[in-house]
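Colleague: What follows is a predicted structure for the sequence shown.
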Amino acid sequence: MDANGISLSYEDTGGSGRPVVLIHGWPLSGASWESQLPALTESGYRVISYDRRGFGSSEKPATGYDYDTLAADLKGLLDSLDLTDATLVGFSMGGGEVARYLGNYGSDRIRSAVFAAAVPPYLLKTDDNPDGGLGDEDVQQMIEGVATGREAFLDEFSVTFFSFDGELKVSDDERRRAFGLSAPARDEAVQGCIDAFSRTDFRDDLDRVDVPVLVIHGAGDAIVPFEVSGKRTADLVDEAELIVVDDAPHGLNVSHADEFNRALIDFLAA
């Protein structure tokens, strides 16, 4: 599909149900939603997942890894498929696309939104954002870690991604299979997206949200801590529903798929 001038790879279950658009985390692909697809389709929803530019099977340009461009890509997808009454579900980095899409384009096509272990409102520590979770030096270390030893960096990152209190909450095979999805990603995409999700301020975007919102987060998220992101997003969005999953790491849509899916389907049905 051509969306915003590039080719995006996507999967569409089709059917006449309300559309649910799944936006994956970093550095994965749309295939990372495999634990959600059966539950959503069996509940009657039309499910669309896609690979972000630079990742999976989508086109991999050298540039465009900022949230204005990524939200424009999402808009291109929604417009091309002429989706209306849609729910946007953004996991981790994907929550940034949800926020920026609603901030830039409004909710004409959107029924509701889900921020799952998501990066908004603002991860970077600044003078006016002292509660951010990352210092500038932390962001630079991540970028340099990927640039100088991508495979080793992502292997270590994947352990933290799926761990709570030092305990891996998925099998090692599941962990390796999940992060195998990062293999096709372009280096510039992997590095550029670190800068984007770490340094983008979504607070104004969240102020513009005017649809029902679910915030779901793992209590033990060591990648995007609940106090830094999920709690603050729920506080900033009027009447947001908040669910905190006990014992859950960042990758809770895999480690705690049953609880995640139940919360998502209950929200969609409301």
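Modeller: Noted; the coordinates are in hand.
Colleague: need the contact list for N4.
Modeller: For N4, the contact set (CB atoms under 8 Å, 6 or more residues apart in numbering) comprises 69, 72-73, 75-76. C-beta coordinates here come from the backbone N, C-alpha and C atoms, glycine included.
Colleague: What separation do you get for Y105 and N253?
Modeller: Using CB to CB, to the nearest Å, one gets 25 Å for the distance from Y105 to N253.
Colleague: So which of those two has more stuff around it?
Modeller: N253 (28 against 17; other CB atoms under 10 Å).
Colleague: Tell me the gap between the longest helix anywhere in the chain and the middle of its chain.
Modeller: Identified as the longest helix of the chain according to DSSP state H is helix 136-161. Remark: helix 136-161 is offset 18 Å from the chain centroid, using CA atoms, centre = their mean, to the nearest Å.
Colleague: Give the buried residues for that helix.
Modeller: 139, 142-143, 145-146, 150, 153-154, 157-158, 160-161 (16 or more other CB atoms under 10 Å).
Colleague: so which two of those residues are the farthest from each other?
Modeller: V139 and S158 (19.0 Å; CB to CB).
Colleague: Show me where the stretch 1-150 of the chain has its helices.
Modeller: 37-42, 67-81, 94-105, 136-161 (DSSP state H, counting those that start in this stretch).
Colleague: Poorly predicted segments of the stretch 1-150 of the chain, please.
Modeller: Applying pLDDT under 70 to the stretch 1-150 of the chain flags no residue at all.
Colleague: and P184, how many neighbours does it have?
Modeller: 15.
Colleague: Could you report the distance from it to V211?
Modeller: 33 Å.
Colleague: show me where the chain has strands.
Modeller: Applying DSSP state E to the chain gives strands spanning 2-3, 6-7, 10-12, 19-23, 46-50, 86-91, 110-116, 163-164, 167-168, 213-218, 241-245.
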